[in-house]
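# no sequence for this one, just the structure:
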């Protein structure tokens, strides 16, 4: 397990701005406070139960497998700046999806496996909308009957790209993270996508420098493309909050993989893209 002392040394070498360093140290303290004090309640799911996600639940998809999953079991999800991982737009933070409503996992997967549409009027007015997976077949008829629409563009949602979904098999694992306790609420205050927590100057230290200018514009004008469904939590999220594992179709069909996941994350339930529990 990564030590607090090692993390402090890394942070002191990475951040020259003292305000930025202080924010990272606060997040580090919140991370280890949770590790030392929070115990996840045992879930009551049975095989074939429908998974229900509460407002505030966090989710994180990953390409990682094998030994890397053991590291997540030990240390949770850590920012790439701490572990020399693949660099992202937010090297100081961990990207998660932050649920804004109570919803069944099945309905949530249907929602994000669809597309995000941008619609422009002939006057240049703009509106956006998420089209759930089961409604995608109706999109042409819908926009054809909308007098507002002069031009339109559509793309898959960001969730569909970065979590197991009904439209791609590249990512086979997502972590379901309990987001409803006082310890993780403290960590959520380190969300750099929330401009109420971090002003433009301090957030500069936490964002890829090539993306910073666009980032500032985007987070001030959120829509269905740069969304309030997304959070980027400074430092990391400890493993004590991971309550479930969502798997894609390929992993679901591989009994050895499912058994290995259960061996690693023994206290977690495992569920599929139908929103059903397949192992407890």
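Nice, thanks for sending it over. Given the structure is predicted, the values throughout are model-derived calculations rather than measurements.

# and residue 135, what is it in contact with?
residue 114 (C-beta atoms under 8 Å, 6 or more residues apart in numbering). From N, CA and C alone the C-beta is placed, and that goes for glycine too.

# Kindly report the same for residue 103.
52, 53, 111 are the contacts of residue 103 under C-beta under 8 Å, 6+ apart.

# repeat for residue 156
114, 115, 116, 167, 168.

# Among these, which one lies nearest to residue 123?
residue 116 (21.9 Å; C-beta to C-beta).

# Is the closest one in a helix, a strand, or coil?
Classification of residue 116 using DSSP: H, G, I helix; E, B strand; the rest coil returns strand.

# Quickly list what the nearest residue to residue 146 once chain neighbours are set aside is bridged to.
Excluding its sequence neighbours, the residue lying closest to residue 146 (C-beta to C-beta, 6 or more residues apart in numbering) is residue 119, at 7.2 Å. Using DSSP bridges, the bridge partners assigned to residue 119 are residue 127, residue 152.

# What separation do you get for residue 119 and residue 23?
38 Å (C-beta to C-beta, to the nearest Å).

# List only buried entries from the contacts of residue 103.
53, 111 (16 or more other C-beta atoms under 10 Å).

# JSON lines for the contacts of residue 103, including distance to residue 2?
Below are those laid out as JSON lines (distance: C-beta to C-beta, whole Å):
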{"residue": "52", "distance to residue 2": "33"}
{"residue": "53", "distance to residue 2": "29"}
{"residue": "111", "distance to residue 2": "35"}
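
# Which pLDDT value does the model give residue 86?
Looking at residue 86, its pLDDT reads 68.

# swap in residue 198?
For residue 198, the predicted pLDDT is 88.

# which stretches of the stretch 51-200 of the chain have low pLDDT?
86 (pLDDT under 70).

# helix/strand/coil for residue 5?
Quick answer, by three-state DSSP: residue 5 is helix.

# Apologies, that question was intended for residue 40.
Applying three-state DSSP: residue 40 is coil.

# Give me the number of neighbouring residues for it.
Residue 40 has 14 neighbouring residues, counting by other C-beta atoms under 10 Å.

# before we move on, back to that, neighbour-wise, which of residue 119 and residue 23 wins?
More crowded of residue 119 and residue 23, by other C-beta under 10 Å: residue 23, with 25 against 19.

# Show me where the protein has its helices.
4-14, 18-37, 67-75, 80-83, 105-112, 139-144, 158-162, 182-188, 200-203, 212-220, 249-252, 255-264 (DSSP state H).

# Of all the ones you listed, which one comes closest to residue 239?
helix 67-75 (5.8 Å).

# Identify the residues contacting that closest one?
With C-beta under 8 Å, 6+ apart, helix 67-75 has contacts from 1-2, 62, 64, 173, 175, 236, 238-239, 242, 261, 264-265.

# Next: stretch 107-118.
53, 97, 99, 103, 126-136, 139, 143, 152-160, 163-167, 224-225, 273, 275.

# One more pass at 6 Å, please.
Stretch 107-118 is contacted from outside by 128-134, 136, 153-157, 159-160, 165-167, 224-225, 273, using C-beta atoms under 6 Å, 6 or more residues apart in numbering.

# so how far does that stretch reach from one end to the other?
Counting by C-alpha to C-alpha, to the nearest Å, you get 22 Å between the two ends of stretch 107-118.

# Could you do stretch 77-94 as well?
Stretch 77-94 end-to-end distance (C-alpha to C-alpha) = 7 Å.

# Off-centre distance for that stretch?
A distance of 13 Å separates the centroid of the chain from that of stretch 77-94, by C-alpha atoms, centre = their mean, to the nearest Å.

# Can you say which of the contacts of helix 67-75 are buried?
2, 62, 64, 173, 175, 236, 238, 239, 242, 261, 265.

# What residues sit buried inside stretch 37-50?
If you call a residue buried by 16+ other C-beta under 10 Å, then stretch 37-50 has these buried ones: 43, 45, 49.

# Give me the distance between the last one and residue 257.
In this case it means residue 49. 21 Å.

# again, but for the first one
If you measure residue 43 against residue 257 using C-beta to C-beta, the figure is 21 Å.

# Ok, the second one next?
Note on residue 45: its distance to residue 257, by C-beta to C-beta, is 20 Å.

# Thank you, goodbye.
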